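**Student:** For reference, the sequence and a predicted model appear below.
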Amino acid sequence: MDIVVFGAGALGSLVGGALAGKHAVTLVGRDPHVARIREDGLRISGELDALVHPEATTDPAGLVADLALVTVKAYDTAEAAEALADGDVDLVCSLQNGLTEGTLRERLGDRVLAGTATYGAELVDPGHVRCTGLGRIHVGELDDGGSDRAERVAAAFRAAELDCEADPAMARRRWEKLAVNAGINAVTALAGVENGALAGPPGARTAERAARETARVARAEGVDLTDDDAVTALRDVVDETAANRSSMYQDVRAGRRTEVEAINGAVVDLGRANAVATPTNGTLAELVRTWEAARDLRPPDAD
Ligand SMILES: NC(=O)C1=CN([C@@H]2O[C@H](COP(=O)(O)OP(=O)(O)OC[C@H]3O[C@@H](n4cnc5c(N)ncnc54)[C@H](OP(=O)(O)O)[C@@H]3O)[C@@H](O)[C@H]2O)C=CC1
Ligand SMILES: CC(C)(CO)C(=O)C(=O)O
């Protein structure tokens, strides 16, 4: 399968590098990371160990592939969609956090599949990505149901020894992941703690309130996700990734813009549209925005 990975940062390099052992992979990213890959290959360390030689480019124009994986940060999704629309890709699958598939579908139509990833990845140096935790990738149709094309994508991932399955209930899966991220990411980023610090009070209280709010918004959107489902998923991830720093914590430590708008901000926006109160997500979003604003990391049109 010819695969383009659009956004060869941490997650894109890990997944794209793993796929490169079995498929023709092109990573689309930035220098110096791309330049190093072209010179010496891509080193994968940590829970996975490989040296692979995928194609790599900084030029997003004219991409041709059977499958394009989208692994840019949520706030770069529209730009990724625009670049892919100018190319010739049969299928597009997001592995991003946040409900980004709508933005992709607006520009790319029904070529877009939904996806979630719980592998942990950190970019160590140009040309070197570390797998900080094994996880699972789920792919499927945005509006649920079985899907031959999702099965083909999952089989291609499994052929490269990635843990992946096609999920006929991706709407629930995406909202469950959003509830987990709404609970973990902002709390760990603001408190400066690893995920395991949310295993008990006081952190667990805030995280679980945010997850429950997200489940209520999911149900208002027609997705069958109970409060208990959301809290159980949160607790499972806290346990499984206890030593991990969440991606938002990593962004804060690095002084980078976060994905708060696609996570807690999205819960608040969709809650407002459905008359569902989301006070905890609202407070978490405002606190992260305050941190971003103090460092001039907010987009120009942000309030
Ligand atoms: N890292 C992880 O463990 C996990 C990440 N995720 C999700 O996956 C997504 C990606 O996360 P992560 O890999 O950590 O983020 P990174 O910032 O490491 O990777 C994104 C990369 O895409 C690049 N990029 C953005 N736009 C373009 C463009 N137009 N052309 C070329 N390159 C571009 C970025 O470059 P630049 O910064 O210079 O714009 C960056 O290198 C996020 O939604 C995240 O929440 C989900 C699960 C786990
Ligand atoms: C599941 C979790 C919280 C693991 O850290 C994640 O997806 C992230 O850090 O963005």
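**Tutor:** That came in fine, so what should we check first? Residues are numbered from 1 along each chain as shown. Ligands and ions are numbered 1, 2, ... in the order given.

**Student:** Pick out the residue nearest the middle of the protein.
**Tutor:** Centroid-nearest residue in the chain, with C-alpha atoms, centre = their mean: residue 96, separated by 2.4 Å.

**Student:** Look up how far residue 70 lies from it.
**Tutor:** Distance check for residue 96 against residue 70: by C-beta to C-beta, to the nearest Å, it reads 6 Å. Any C-beta I mention is one placed from the backbone N, CA and C, and that applies to glycine too.

**Student:** which neighbours do these two share?
**Tutor:** Residues touching both residue 96 and residue 70 (C-beta atoms under 8 Å, 6 or more residues apart in numbering): residue 77.

**Student:** Please identify the residues of this protein in proximity to ligand 2?
**Tutor:** 97, 118, 180, 181, 184, 185, 195, 237, 241, 244, 246, 247 (C-beta under 6 Å from any ligand atom).

**Student:** which residues touch the second one?
**Tutor:** So that's residue 118. Contacts of residue 118 by C-beta under 8 Å, 6+ apart are 133, 135, 136, 137, 177, 237, 240, 241.

**Student:** Sitting in helices, which of the residues you listed do you find?
**Tutor:** If you go by DSSP state H, these have 177, 237, 240 in helices.

**Student:** surely the last one meets residue 133?
**Tutor:** So that's residue 240. Yes: the criterion here is C-beta atoms under 8 Å, and residue 240 meets it with residue 133 at 7.4 Å.

**Student:** dump the residue contacts of the closest residue to residue 271 other than its chain neighbours.
**Tutor:** Of all residues not flanking residue 271 in the chain, residue 278 sits nearest, at 3.8 Å (C-beta to C-beta, 6 or more residues apart in numbering). Residues near residue 278 by C-beta under 8 Å, 6+ apart: 213, 214, 216, 217, 267, 268, 271, 272.

**Student:** Farthest pair within those residues?
**Tutor:** Spatial extent of those (C-beta to C-beta) is set by the pair 214 and 272 at 13.6 Å.

**Student:** Neighbour count: those two, which is higher?
**Tutor:** Neighbours were counted for residue 214 and for residue 272 using other C-beta atoms under 10 Å; residue 214 has more, 33 against 13.

**Student:** next one: phi and psi at residue 24?
**Tutor:** Main-chain dihedrals, residue 24, degrees, to the nearest 10: phi -80, psi 110.

**Student:** My error: substitute residue 139 in the last question.
**Tutor:** Dihedral angles (degrees, to the nearest 10) for residue 139: phi -130, psi 150.

**Student:** Many thanks, have a good one.
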